[in-house]
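> Below is the sequence, then the predicted model.
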Amino acid sequence: MRVSDRDTAISAKDTTAPKLGTYQVRETHVTVTVSGGHTVAAIVRDPLDGPSDRAAVVLMHGAGTGKAAEVYGDVATDLASAGITSIVQDKRLDNYTALSRDYDASADDYLAAVEVLRGWDGVDPAKVGIYAESEGTWIATIMAKKDPTLDFVALTSPPVYSGRQQMAMAATECLNIIGAPDGVVKLIPRLTSLDFGPFGLKYADFDAADYRGALTMPVLVNYGTRDPSMPIEQGAQQIIKDTHEVGNDNVTVRYYPTNHQMRTGSSLSVPGLPLAEHYTENLADWINDVAAGTAADGWQTPLIAGTQPFQEFAVPMDMEPGLISSVTMLLAIFLFGVLMWGAVAVMCLVSVLRRKRTSPTSVRKDGRTVSHRFAMPTKALIVSTLLLTAALTIAFMAYFVFLAKAALALSDQSAMLEAGWACLRVAVIVSIVLVSWIMVRKYFFYGPGRIDPDTPKEVDMRMSAGHSAVIACCGLCAASALVLGSFFNLVP
């Protein structure tokens, strides 16, 4: 998306909106009755001696906030000083957890705040709209569908697409920033497409496309160009396209050189950072202008303006999983491998403890000689495989912990990540070679019945059942590790 005008100012052709600082601000604490008969605390900020037919806005939480007193204090105060009443309410947490979120109920909760503003002294009931950030923008679109009489909708840092799609793009972008190897970056769509069924997270599949068409009222879209987690170009284009299809071209887009929270000074969400210059001024001007009836052709300023955005990776449209389609299946393969590893370790330990009480060989009823000992090279291979598999598993987990920390800090760790990934891949190859060597040694290399090179050719000798079980479990452990290695792009 090309932005030709860097000035983020918003003004209409035929209206003159009150500016920031015009009014003193009054703060009132109220209680709002929301869905299910619950009540939440809320803060209303409005202009002293403000216009008698003024606009009002519900300020909605994003994913990282919950208390009215902890969020939007600067935004709400600035809006009130420009003649706009606002309400911020506590977020209900009984239906909002890390694993389960009821967006539909949240929409009803915020619509209750809309009704509070419609009945507020000095507010024109026809001029009430909503302002949402990040995750809250999904809820805002549900509200637009439930109540199409909302006067306006402002969406800041909207994911636009489903959480699963947005997370795939965000993770890919962040991994690219920190210098993660291609094998790790290409893993992201595979991970984000998994079914998380038993763990909840159904909100990751919230079908945003079902609600974007409800945006028939004036819409403001704000993005920070230093926000790597959002589809800052693709999202705006999608909203413009979807609103146009329902006959709404009154969509204003503004880009600021800010992070996800429209704050300057860091790409990360760090407490205490200042809002972008003119951000609340532009927001107040837009709300006052659309409340005054400004249509798509009534703007004096461009509909799209601000800092030139750059979105390197697109939101994936196809999120179909591969052969390993769920987290449950992935965990089952891992746990099976751990079980086989444990079985080999236990059987080897039992064999060592029983060594003095067991003869090296015995003769079965059919006359065949059974060996109860592994040759030293075979023992070394089995022990090496056990130790390498355990070390590889620990190293793999440590690598991804380091990766996650680097991604959250947006810290360039390309050298460490490339070196670590190369070591992991080498270790996987070595483990495959060791297990293959065991199999060849025990079943193919020395001929039928000859379990070690020093076994006399004339002796019809076989391994004991326990020793065969050790080899079988070792092979199954390696097979599960190979499947996991292939899934995580560790196998060339």
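That came through, no problem.

> Is the residue positioned nearest the centre of the chain inside a helix or a strand, and which specific one?
Taking C-alpha atoms, centre = their mean, the centroid of the chain lies closest to residue 167, which sits 3.8 Å from it. When secondary structure is defined by DSSP states H and E, residue 167 falls within helix 163-178.

> List the buried residues in that helix.
Along helix 163-178, these residues count as buried under the neighbour rule (16 or more other C-beta atoms under 10 Å): 163-175, 177-178. The way it works is simple: take the backbone N, C-alpha and C, and place the C-beta from them, glycine included.

> what sits against the residue nearest to the centre of the chain?
Contacts for residue 167 (C-beta atoms under 8 Å, 6 or more residues apart in numbering) come out as 192, 204.

> likewise residue 139?
When contacts are counted by C-beta under 8 Å, 6+ apart, residue 139 is found next to 60, 103, 106, 107, 110, 132.

> May I see the ChimeraX selection of the buried members of these?
A single ChimeraX command selects the buried members of these (16+ other C-beta under 10 Å):
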select :60,103,106,107,110,132
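
> For the stretch 351-492 of the chain, which segments count as helices?
Taking DSSP state H, counting those that start in this stretch as the criterion, the stretch 351-492 of the chain contains helices spanning 376-409, 414-439, 465-487.

> The longest one - contacts with which helices or strands?
Helices and strands touching helix 376-409, by 3 or more C-beta pairs under 8 Å, 6 or more residues apart in numbering; DSSP states H and E, are helix 163-178, helix 327-353, helix 414-439, helix 465-487.

> Compare those helices and give me the one nearest residue 308.
Ranking those by their distance to residue 308 (criterion: C-beta to C-beta) puts helix 163-178 first, at 17.0 Å.

> Return the member of the buried residues of helix 163-178 nearest to residue 385.
Once C-beta to C-beta is applied, the member of those that ends up nearest residue 385 is residue 175, at 31.3 Å.

> While we're on that closest one, how confident is the model there?
Per-residue pLDDT puts residue 175 at 94.

> Report the contact partners of it.
Listed by C-beta under 8 Å, 6+ apart, the contact set of residue 175 reads 184, 185, 188, 403, 407.

> Pull out the buried members of those.
The neighbour count (16+ other C-beta under 10 Å) marks 184, 185, 188, 403, 407 as buried among the contacts of residue 175.

> Kindly indicate which of those residues lies nearest residue 484.
For the buried ones among the contacts of residue 175, the closest approach to residue 484 (C-beta to C-beta) belongs to residue 184, at 14.7 Å.

> That closest one - nearest residue in space that isn't next to it in sequence?
Setting aside the residues directly before and after it, residue 184 is nearest to residue 175 in space (C-beta to C-beta, 6 or more residues apart in numbering), at 6.1 Å.

> Then residue 78?
Leaving out its chain neighbours, the residue that sits closest to residue 78 by C-beta to C-beta, 6+ apart is residue 280, at 3.8 Å.

> Next, give phi and psi for the one you found.
Residue 280 has phi and psi values of phi -70, psi -30 when expressed as degrees, to the nearest 10.

> neighbours around it, how many?
Per other C-beta atoms under 10 Å, the neighbour tally for residue 280 reads 20.

> do the same with residue 46
25.

> Whatever helix or strand it lives in: partners in the sheet, and parallel or antiparallel?
When secondary structure is defined using DSSP H and E, the element that contains residue 46 is strand 39-47. In the sheet containing strand 39-47, its partner strands are strand 25-33 (antiparallel), strand 85-89 (antiparallel), by DSSP bridges.

> Out of those strands, which is closest to residue 8?
If we rank the strands paired with strand 39-47 by C-beta to C-beta, the stretch that ends up nearest is strand 85-89, at 20.7 Å.

> just to revisit the earlier point, turn the contacts of residue 175 into CSV, columns for distance to residue 290 and pLDDT.
Supplementary listing: the contacts of residue 175 in CSV, determined by distance: C-beta to C-beta, whole Å; pLDDT from 0 to 100:
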residue, distance to residue 290, pLDDT
184, 45, 94
185, 41, 93
188, 38, 91
403, 44, 95
407, 38, 92
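
> and of those residues, the nearest to residue 288?
Of all those, residue 407 has the smallest distance to residue 288: 40.1 Å, by C-beta to C-beta.

> you'd agree the closest one is up against residue 176?
No: in this structure, residue 407 is not within contact of residue 176 by C-beta atoms under 8 Å, at 10.1 Å.

> Which among the helices of the stretch 351-492 of the chain is found nearest to residue 195?
Between residue 195 and these, the shortest gap by C-beta to C-beta is with helix 465-487, which sits at 14.4 Å.

> so residue 252 touches residue 236, yeah?
No: counting by C-beta under 8 Å, residue 236 is not a contact partner of residue 252; they are 10.3 Å apart.
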